[in-house]
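Chemist: quick one, what's the 3D model for this:
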Amino acid sequence: MAVDKREGLTPALPATPAFREYLSWITGFAGEDLKAKLADDPNSDRFVRAQQTWDRAFVCRIADIAQQQDALIVIGIIRRGHLEYFYGTPFQLEDLRREEYAGSSTCQLGTDH
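Modeler: Modelled structure (predicted):
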């Protein structure tokens, strides 16, 4: 689907193996037998992609609001699980910044933020 049809939401950066392992741990799938099952489970992949999409949407919307001329400050309230270990929103935010410097993002962050 084209970015303009997704209200500016760009594709999420793929999950790292460490992020997948972290999600396995916090959802209770930390045992070796369960990890093997989780890696092959399509429901698990959908869950990981949903987390990535949420993180990407969060940072895209904050970026969009921060770019408005009358925006003084933007505050996002987010739970710890989306911030820990740089896996969730920080990971997606860093990717948006890379896209901004390359000039290809529809939800750019200003360099003065």
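Chemist: how about the contacts made by Leu83?
Modeler: Going by CB atoms under 8 Å, 6 or more residues apart in numbering, Leu83 touches 89-90. For glycine as for every other residue, the C-beta is placed from the backbone atoms N, C-alpha and C.
Chemist: show me what the helix or strand harbouring Ala50 is packed against.
Modeler: In the assignment (DSSP states H and E), Ala50 maps to helix 42-66. Helices and strands touching helix 42-66, by 3 or more CB pairs under 8 Å, 6 or more residues apart in numbering; DSSP states H and E, are helix 17-26, helix 89-102.
Chemist: which other helices and strands does the shortest one contact?
Modeler: Contacting helix 17-26 under the criterion 3+ CB pairs under 8 Å, 6+ apart are the following elements: helix 32-40, helix 42-66.
Chemist: lowest average pLDDT across the ones you listed?
Modeler: Of all these, the minimum mean pLDDT falls on helix 32-40 (a mean of 56).
Chemist: contacting residues around Pro11?
Modeler: Per CB under 8 Å, 6+ apart, neighbours of Pro11: Arg56.
Chemist: what is the burial count for the closest residue to Glu84 other than its chain neighbours?
Modeler: Counting by CB to CB, 6 or more residues apart in numbering, Tyr22 is the residue found nearest to Glu84 once chain neighbours are left out, at 7.5 Å. Under the neighbour criterion other CB atoms under 10 Å, Tyr22 is assigned a count of 18.
Chemist: for Tyr22, list the residues it contacts.
Modeler: 84-85, 87 are the contacts of Tyr22 under CB under 8 Å, 6+ apart.
Chemist: just the closest of those to Arg6, please.
Modeler: Taking CB to CB as the measure, Arg6 sits nearest to Tyr87 out of those, at 22.4 Å.
Chemist: kindly reformat the contacts of Tyr22 as CSV containing secondary structure and neighbour count.
Modeler: CSV is the format used below for these (DSSP: H, G, I helix; E, B strand; the rest coil; neighbours: other CB atoms under 10 Å):
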residue, secondary structure, neighbour count
Glu84, helix, 12
Tyr85, helix, 12
Tyr87, coil, 22
